[in-house]
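1. fold the following for me, if possible:
(chains A, B, C and D)
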2 protein chains.
Amino acid sequence: MAVQTRMTKQRKVILEELCKVTTHPTADEVYDMVRQRLPRISLGTVYRNLDVLAESGDVLKLEHAGSQKRFDGNTNPHAHVRCSICGKVGDVMNVEYIASSQGAVAPGFTIHAAYVEFEGVCDDCQTHN
Amino acid sequence: MAVQTRMTKQRKVILEELCKVTTHPTADEVYDMVRQRLPRISLGTVYRNLDVLAESGDVLKLEHAGSQKRFDGNTNPHAHVRCSICGKVGDVMNVEYIASSQGAVAPGFTIHAAYVEFEGVCDDCQTHN
DNA sequence: CTATCTGCAAATAATTTGCATGTAC
DNA sequence: GTACATGCAAATTATTTGCAGATAG
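-> Got it, this is the predicted structure:
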C-alpha cells in the first residue's frame, strides 16, 4: 500500500472544487464538477481521491447522509440537516449543544466522536410540494 | 401500490426476530435469523417486509449507520453508537440532551427530526486490537 | 375471490478493484 | 527511476424489481 502521497492535478482540482461549494456533493456530483476542468478524469479516480483526502483529513466524508455518501470541504466539526424530500444537505449553525454529548453513556463502547444529522424539508421543497 | 397490508407468516417472523435482539442487524443478518425458522424465505422478501414494517412504524430503519442499513425493533427514540472497527451498533442510554436540539438553526431548512450517532470502539475490539 | 405477497432470478445503483500505462518527485 | 496514480472496464456489494404462482382475509 501507498506509504506516501502525491499532489496530482486530479487530486488538486477535486479538493479545490469541493472547497468552493457548501452543497455537500455526492461523489457523482464531484465527478461532474471536476469534469468541467478535467474532461478525461474517471469516476474511479474521483472515488479514490475523495478517500485519500478524507483519510488525510482535508475533506469530510459524510457517511450519515442517506444512501449515498457526501463530501464536505469544510472540515470544522459541524452538524448537518438533510431534506427528507430531495436529499439536499445543509449546515446547522449553532451546534454548541453537541458539547453536552460528553455526558453520553453507551455500555460496552468507548465513544470517540458524535455525528448529528437533522432531517427536515428545505425551502425549495416546501414551496414546490 | 398496496392499499392494505397483510400479516403474513414471513412478516410476523421478521418482526418477532427483530424484537428479540438489541443488535441492530442488517437486512442480511435478519435474513439469517429468519431463515432458521423459514428456510425457504428469500432475501427480497426480507427487504420488502423491513420496508413495510419501517413504513408502518413497527421497526426503525437506521440509515445513518455505515454503508449498510440496519434495523431496530425498539421504536422508542434513542441514539446509537457504532464501533469504528467492527461496525457493531449499540444503544446510547442518557440521551436527554437531544431535547436541546430544539434550538438548532439551519438556514433554508425546517427541521423535523434529529439523528444522533456516536462513533467509538466496542469492548471486544478494544480487547482484540 | 382477488389484492397482496412470495420466491426466484435478473436488474440497478453505488462503490471498489485489476491492470497496463502515465507521472510526480 | 520508481512508487504512486490514472483511465478504463469489469467486479463487488447492497438493494430493488418483474413476474408467475401462492395465500390472507
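2. if we go by neighbour counts, what in stretch A:39-48 is buried?
-> Buried residues in stretch A:39-48, counted by 16 or more other C-beta atoms under 10 Å in any protein chain shown: A:Ile41, A:Thr45, A:Val46. No exception for glycine: its C-beta is placed from N, CA and C like everyone else's.
3. ugh, wrong one, stretch A:12-21
-> Applying a neighbour-count criterion of 16+ other C-beta under 10 Å, one finds A:Val13, A:Ile14, A:Leu15, A:Glu17, A:Leu18 buried in stretch A:12-21.
4. now do stretch A:56-64
-> Buried, per 16+ other C-beta under 10 Å, within stretch A:56-64: A:Asp58, A:Val59, A:Leu60, A:Lys61, A:Leu62, A:Glu63, A:His64.
5. can it be found next to DNA strand C?
-> No - figure legend: stretch A:56-64 not in contact with DNA strand C (C-beta under 7 Å from any atom of the strand); closest approach 8.4 Å.
6. quick one: average pLDDT of that stretch?
-> Averaging pLDDT along stretch A:56-64 gives 83.
7. so what's A:Asn49 up against?
-> By C-beta atoms under 8 Å, 6 or more residues apart in numbering or on different chains, the contact set of A:Asn49 is A:Gln10, A:Arg11, A:Ile14.
8. hang on, the earlier thing: just give me the closest of the buried residues of stretch A:12-21 to DNA strand D.
-> Nearest to DNA strand D among those: A:Ile14, at 8.0 Å, using C-beta to the nearest atom of the strand.
9. could you look up the SS state of that closest one?
-> Secondary structure, DSSP: H, G, I helix; E, B strand; the rest coil: A:Ile14 is helix.
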